[in-house]
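K.L.:
whatever this is, show me its structure:
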Amino acid sequence: MTALLPRPSILSIEPYVGGESKLPGVNRIIKLSSNEGAFGPPPMAVEAITAMAREAHRYPDGGATRLREAIGARFGLDPARIVCGNGSDELIAYLILAYGGEGTELIMPAHGFVMYDLTGRYAGCRVIKVPERNLVADVDAMLAAVGPRTKLVCLVNPNNPTGALLPRNEVERLRAGLRDDILLILDAAYAEYVTDPDYDPGQALVDASGNTVMTRTFSKIFGLGGMRLGWAYMPPNVADVLARIRGPFNVNAAAIQAGIAALAEPGWIERSVAHNEEWRAKLSAGLEAAGIKAWPSACNFVLADFGTAEGAVAADAALRARGVIARMVGGYALPSCLRITVGTAEECQMVIDALTEFMRTKSS
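P.N.:
I've put the predicted structure just below:
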């Protein structure tokens with residue numbers, strides 16, 4: 001055996017497994033496993049990516065200046081407090097590595113985004129997963145879990161994979177109950193899909209404190225998952241820390257131009273949100289009519305609960321038989337559930353029809 005070994009916490013990590021995209025022997029595949037936007041990337045972003053191919057020999061702007069300015073203009077934020085990354089996952093990793101480490105603790109909801117757990121262990125943190133209340137983050141339980149070694153609290157809102165939305169006052173109560181030396185990371189990857197007028201993705205708390213960061217992504221509503229583009233809004237002191245540790249060209253040139261173009265696409269967010277509101281409701285209603293519990297969701301997916309792990313596996317097989325790939329979420333401690341992306345109208349109807357037939361056959 002080799003004498004060269006990593007830190008023990010590294011060996012506790014199981015590699016992240018993304019949503020599947022292929023099925024052997026199936027000609028047409030409907031991929032509803034990764035919460036990708038129903039309409040693909042905006043046309044202006046496609047044009048920007050294509051145009052950048054002629055400039056692929058040039059290094060990108062290391063500070064993503066024009067992109068940060070475009071984000072700031074679109075969302076009313078100070079570009080100097082925005083940091084862009086190779087997906088928001090990269091920025092989350094930087095934050096955990098910078099403020100966590102051996103001997104520290106990271107707190108997250110039990111069914112929160114798995115990358116917090118994986119990156120926390122990579123950093124050497126003790127990761128504490130706090131039980132939820134009816135699949136919604138429990139603020140009282142999270143505050144009760146805080147100890148002298150707690151340095152990070154991570155919250156996805158609305159949450160992946162459950163779709164649950166924690167009310168604004170509860171998020172504010174969480175921040176108010178944490179010590180000043182604890183960094184609160186608010187992951188708002190699905191913020192654009194939320195229609196609750198009281199919702200704040202995190203920028204208000206960032207502005208009100210020196211220890212909160214909001215992360216966002218272009219992978220969902222903007223359909224740029226393949227470009228790996230994310231950003232975060234943070235206090236100046238935290239932005240300074242990330243400027244010291246991020247790679248000098250951590251965002252590629254095509255992603256920068258695609259992001260700028262996506263933000264400028266007229267009506268893109270409005271059209272995408274309207275479609276999502278309509279078909280998330282229809283998908284949820286179709287599942288419920290078939291006898292499947294659909295958990296409330298503020299995102300572009302529905303968590304379908306089949307009651308047992310065996311039921312979820314069988315339902316997944318029924319969907320695959322029709323070329324539809326959903327996401328098993330046993331890795332999130334939800335073995336009885338499938339997470340199903342809100343796709344096009346045709347794709348959503350295919351899911352409703354397939355699962356209605358599955359439940360009918362199951363009960364006969």
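K.L.:
switch to C-alpha atoms for all contacts and neighbour counts from now on
P.N.:
OK.
K.L.:
pretty sure V213 is in a strand, no?
P.N.:
Yes: looking at V213 with DSSP: H, G, I helix; E, B strand; the rest coil, it is inside a strand.
K.L.:
for I96, what are its contacts?
P.N.:
Contact analysis of I96 by CA atoms under 8 Å, 6 or more residues apart in numbering lists T119, G120, A123, L152.
K.L.:
A312 too?
P.N.:
The contact partners of A312, taken as CA under 8 Å, 6+ apart, are D305, F306, M328, P335, S336, C337, L338.
K.L.:
cutoff 10 Å now
P.N.:
Neighbouring residues of A312 by CA atoms under 10 Å, 6 or more residues apart in numbering: A304, D305, F306, A318, M328, V329, G330, L334, P335, S336, C337, L338.
K.L.:
quick one: what helix or strand has it in it?
P.N.:
Using DSSP states H and E, A312 maps to helix 309-321.
K.L.:
which helix is the longest one in the chain?
P.N.:
helix 268-289 (DSSP state H).
K.L.:
following element in sequence after that one, please.
P.N.:
strand 293-295.
K.L.:
tell me what the helix or strand following that next one is packed against?
P.N.:
As assigned by DSSP H and E, the chain's next helix or strand after strand 293-295 is strand 301-305. Here strand 301-305 touches helix 268-289, strand 293-295, helix 309-321, strand 337-341, going by 3 or more CA pairs under 10 Å, 6 or more residues apart in numbering; DSSP states H and E.
K.L.:
that older thread, need the contacts of I96 in CSV (columns: pLDDT, neighbour count and secondary structure).
P.N.:
Shown next, in CSV, are those (pLDDT from 0 to 100; neighbours: other CA atoms under 10 Å; DSSP: H, G, I helix; E, B strand; the rest coil):
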residue, pLDDT, neighbour count, secondary structure
T119, 95, 23, helix
G120, 96, 29, helix
A123, 94, 23, helix
L152, 98, 26, strand
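K.L.:
winner for burial among the helices and strands packed on strand 301-305?
P.N.:
Among the helices and strands packed on strand 301-305, judged by mean count of other CA atoms under 10 Å, the one packed with the most neighbours on average is strand 337-341 (a mean of 28).
K.L.:
mind listing residues that contact whatever helix or strand comes next after it?
P.N.:
Downstream of strand 337-341, the first helix or strand assigned by DSSP H and E is helix 345-363. Identification of contacts with helix 345-363 by CA under 10 Å, 6+ apart yields 30-32, 38, 275-276, 278-280, 282-292, 306, 311, 314-326, 340-344.
K.L.:
coming back round to it: which of the contacts of A312 count as buried?
P.N.:
Neighbour counting by 16 or more other CA atoms under 10 Å classes A304, D305, F306, A318, M328, V329, L334, P335, S336, C337, L338 among these as buried.
K.L.:
what's the closest of those to D187?
P.N.:
Distances from D187 to the buried ones among the contacts of A312, taken as CA to CA, are shortest for V329 (19.2 Å).
K.L.:
how much space between the closest one and L95?
P.N.:
26 Å (CA to CA, to the nearest Å).
K.L.:
pretty sure N300 contacts N35?
P.N.:
Yes: if you go by CA atoms under 10 Å, N300 and N35 touch, sitting 6.4 Å apart.
K.L.:
who touches both of these two?
P.N.:
Y190, K220, I221, I340, T341, V342, G343.
K.L.:
just put those in JSON lines and tack on distance to S12 and pLDDT.
P.N.:
Shown next, in JSON lines, are the shared contacts of N300 and N35 (distance: CA to CA, whole Å; pLDDT from 0 to 100):
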{"residue": "Y190", "distance to S12": "29", "pLDDT": "98"}
{"residue": "K220", "distance to S12": "30", "pLDDT": "97"}
{"residue": "I221", "distance to S12": "33", "pLDDT": "98"}
{"residue": "I340", "distance to S12": "29", "pLDDT": "98"}
{"residue": "T341", "distance to S12": "30", "pLDDT": "98"}
{"residue": "V342", "distance to S12": "33", "pLDDT": "98"}
{"residue": "G343", "distance to S12": "35", "pLDDT": "98"}
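K.L.:
which one is E102 nearest to, not counting chain neighbours?
P.N.:
Excluding its sequence neighbours, the residue lying closest to E102 (CA to CA, 6 or more residues apart in numbering) is G124, at 4.5 Å.
K.L.:
picking that back up, which one of the buried ones among the contacts of A312 sits closest to V114?
P.N.:
V329 (10.4 Å).
K.L.:
so how far is V313 from that closest one?
P.N.:
Distance from V329 to V313, by CA to CA: 11 Å.
K.L.:
now do the shared contacts for these two.
P.N.:
P335, S336, C337, L338.
K.L.:
spit out the contact partners of the first one.
P.N.:
To tie it back to what came earlier, the one meant is P335. Applying CA under 10 Å, 6+ apart, the residues near P335 are D305, F306, G307, T308, A309, E310, G311, A312, V313, M328, V329.
K.L.:
in TSV: these, plus pLDDT and distance to N160.
P.N.:
Output for the contacts of P335, formatted as TSV (pLDDT from 0 to 100; distance: CA to CA, whole Å):
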residue	pLDDT	distance to N160
D305	98	15
F306	98	18
G307	97	19
T308	98	20
A309	98	19
E310	97	22
G311	97	21
A312	98	18
V313	98	20
M328	96	13
V329	96	10
